[in-house]
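# Based on what follows, work out the 3D shape:
(chains A and B)
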2 protein chains.
Amino acid sequence: MKDVAARAGVGLKTVSRVVNGEPGVTQDTERRVQEAITALGFRRNDSARVLRKGRTSSVGLVLEDLADPFYAPLNRAVEEVARAHGALLINGSSAEDPERERELALAFCARRVDGLIVIPAGHDHRYLEPEIAAGVATVFVDRPAGGIAADAVLSDSHGGARAGVAHLIAHGHRRIGFIGDRPRIHTAGERLRGYRTAMADAGLPVPDGWVSLGPTTPERVRAEAERMLSGEHPVTAFFTGNNRVTVTILRVIAQLPHPVALVGFDDLELADLLSPGVTVVAQDAARLGRTAAELLFHRLDGAEEAPRRVELPTRLIVRGSGELPPGES
Amino acid sequence: MKDVAARAGVGLKTVSRVVNGEPGVTQDTERRVQEAITALGFRRNDSARVLRKGRTSSVGLVLEDLADPFYAPLNRAVEEVARAHGALLINGSSAEDPERERELALAFCARRVDGLIVIPAGHDHRYLEPEIAAGVATVFVDRPAGGIAADAVLSDSHGGARAGVAHLIAHGHRRIGFIGDRPRIHTAGERLRGYRTAMADAGLPVPDGWVSLGPTTPERVRAEAERMLSGEHPVTAFFTGNNRVTVTILRVIAQLPHPVALVGFDDLELADLLSPGVTVVAQDAARLGRTAAELLFHRLDGAEEAPRRVELPTRLIVRGSGELPPGES
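This is a model prediction of the structure:
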């Protein structure tokens, strides 16, 4: 800063005024200081600034899995809203590890973000209580918080899964397998509940062998699907709990000699181009992100109502795979 | 901090020692201070810490488009390497806007990241010179820097496109259309150059009407494809410059009465399940990210060699769409 002052031929106080956007500096002086700053590569130091002002105009987003295409439009929507509010978005992913979620969220808080949007991996968010008490606005998205009262923006997983399974039943299926994500994931449980509701609505029994929750690795999903397709009462249709499962089931089905029906939770980019097209229960990921981010900035603007839970509808998109009749097996 | 000291029954200096991990504090005292911190929700203040220490153990990643699935594995690979080095990854996207790229990169620097990985949207990176001079390690990935000497990790776009187009020529095609991204994007230009090299290698002329660079919106790509498919000398095959273009061309081709061959740059998640499967020139996006991140930490470890340019090979994956013979048209 001394070098900048010397080069611009002004005092330290003047440099400080220019850097902090304070009044009392002529245009000509400001220009000279700016040129000196550019010439010397003076690094604007936000760390010092944060200590003085409080607000950092940044928000943190804790994602689940950066490689899951479902989260890409959500991420982008949050970034667009943050940008429209003049805030920088900082993000990172938990890779579905509760400890890593905690680390990331606290690292963002330590960097003094104004607000946090969290796709939770864990079920206990009491670790955020001191941060929230200290004024960090926090909104959960895709899955609710655990152990604390907090804003949450979710898709209607139960209703969506129920409608998707009812669609298969309406097309004549009675033996429908459900393969979903790990049981500790809120949405996996809700979608399984939707499946059970639809089966119960139709008076259909659900043997244990037709339901499988666990990691969405291709190996596990393939083995479970092959198990459900064999034996005395093979399933004639699948309802899949998310897009990672759907992709593997599509590969399993493609190799079978007889058609098997499928409705998947989450849309896929090329779902309309497969033969048959893939019938899905689509979430609006961009709307989830946008709604969560808008709620966050609403809180940052000082809104002090009780925590809200927003549930967005899903949409059944009929393309062919969910309308196949039960085959001979 | 005074409250913590009072609650723990110690002096301010002791609290400071515990918070900063300095020696000279008994285990019992440390425990009491930690308990007081937890009870009071004392916010660890990294902003103050940064001012004292210099290194922040964080790196910034400037992405291009958060909603393009190509970047998801790259992003994840960078995050994994950063995590293995104990560093926090902060990222954001430029949405292909050079001004926004600059804003983001400088915002990360202002937050004092140790290093930057940039997928550049612009061509002039001299704005980073003061930051680099101040010690911010910087690696460019997917596209090279402009106006400065800097590390870059790229795919062999020219060689990959050349091999993809040669593959179509080997299957009998003479009239091949090229549709790619905007001409100011380095990879778009390189892939067009690869197309021209392959056509020249085979002694084939390239009328202007067979080449189109521009935004990858479905509307533009569809209009250009339909133009190339009509007229006196319609193309019998397409080479597409990236996955955004390929997705639209697949939809155009699916509606045609006669088969049209296609080789696309970039792989797609369901490419193997379409009929025919989509032949692609695949980049290894995860390896791009991993290589760039490892190079960044190599620099952060003090490596001072001249800037490096690493070029990763692409891989032709044959699945059916690129092996269709020229149809009657």
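# count of residues packed around the nearest residue to A:L61 once chain neighbours are set aside?
Spatial nearest neighbour of A:L61, chain neighbours left out: A:N91 (3.9 Å); criterion: Cβ to Cβ, 6 or more residues apart in numbering or on different chains. Just so you know, the C-beta spots here come from the backbone N, C-alpha and C atoms, and that holds for glycine as well. Close neighbours of A:N91, defined as other Cβ atoms under 10 Å in any protein chain shown, add up to 27.
# Now name the helix or strand holding A:N91.
Using DSSP states H and E, A:N91 maps to strand A:88-93.
# Check the offset of that strand from the chain's centre.
A distance of 12 Å separates the centroid of the chain from that of strand A:88-93, by Cα atoms, centre = their mean, to the nearest Å.
# Tell me the spacing between the residue of the stretch 51-200 of chain A found nearest chain B and A:A110.
At 2.7 Å from chain B, A:P130 is the closest residue in the stretch 51-200 of chain A, using Cβ to the nearest Cβ. Relative to A:A110, A:P130 is positioned 12 Å away (Cβ to Cβ, to the nearest Å).
# which ones are touching the residue in the stretch 151-300 of chain A that chain B sits nearest to?
Distance from chain B to each residue of the stretch 151-300 of chain A (Cβ to the nearest Cβ) is smallest for A:L270, at 4.4 Å. Shown in contact with A:L270 (Cβ atoms under 8 Å, 6 or more residues apart in numbering or on different chains): B:V247, B:L250, B:L268, B:E269, B:L270, B:A271, B:L273, B:L274.
# Could you pick out the buried ones from the residues you listed?
Buried members of the contacts of A:L270, scored by 16 or more other Cβ atoms under 10 Å in any protein chain shown, are B:V247, B:L250, B:L268, B:L270, B:A271, B:L273, B:L274.
# Now name the helix or strand holding the first one.
Same thing as B:V247. Judged by DSSP H and E, B:V247 forms part of helix B:243-254.
# With only the CA atoms kept, save that helix in CSV.
Only the C-alpha atoms of helix B:243-254 are listed here, as CSV (Å, rounded to 0.1, in the frame of the first residue of the first chain):
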residue,chain,number,x,y,z
ASN,B,243,-21.7,-33.4,-26.8
ARG,B,244,-24.2,-30.5,-26.8
VAL,B,245,-24.2,-30.6,-30.6
THR,B,246,-24.3,-34.4,-30.8
VAL,B,247,-27.5,-34.6,-28.6
THR,B,248,-29.4,-32.3,-31.1
ILE,B,249,-28.1,-34.1,-34.2
LEU,B,250,-29.2,-37.4,-32.7
ARG,B,251,-32.8,-36.0,-32.5
VAL,B,252,-32.5,-34.6,-36.1
ILE,B,253,-31.3,-38.0,-37.5
ALA,B,254,-34.0,-40.0,-35.6
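# Against which helices or strands is it packed?
strand B:176-180, helix B:218-229, strand B:237-240, strand B:261-265 (3 or more Cβ pairs under 8 Å, 6 or more residues apart in numbering or on different chains; DSSP states H and E).
# Name the residues that touch that helix?
Counting by Cβ under 8 Å, 6+ apart, residues outside helix B:243-254 touching it are A:269-270, A:272-273, B:68-70, B:179-181, B:216, B:218, B:221-222, B:225-226, B:229, B:238, B:240, B:259-260, B:262, B:264-268, B:274, B:278, B:280.
# quick one, helices of the stretch 1-150 of chain A?
Counting by DSSP state H, counting those that start in this stretch, the stretch 1-150 of chain A has these helices, from start to end: A:2-8, A:12-19, A:27-40, A:46-53, A:71-84, A:98-110, A:129-133.
# who in the stretch 151-300 of chain A is up against chain B?
Contacts of the stretch 151-300 of chain A with chain B, taken as Cβ under 8 Å from any Cβ of the partner chain, map to A:V247, A:L250, A:R251, A:A254, A:L268, A:E269, A:L270, A:A271, A:D272, A:L273, A:L274, A:S275.
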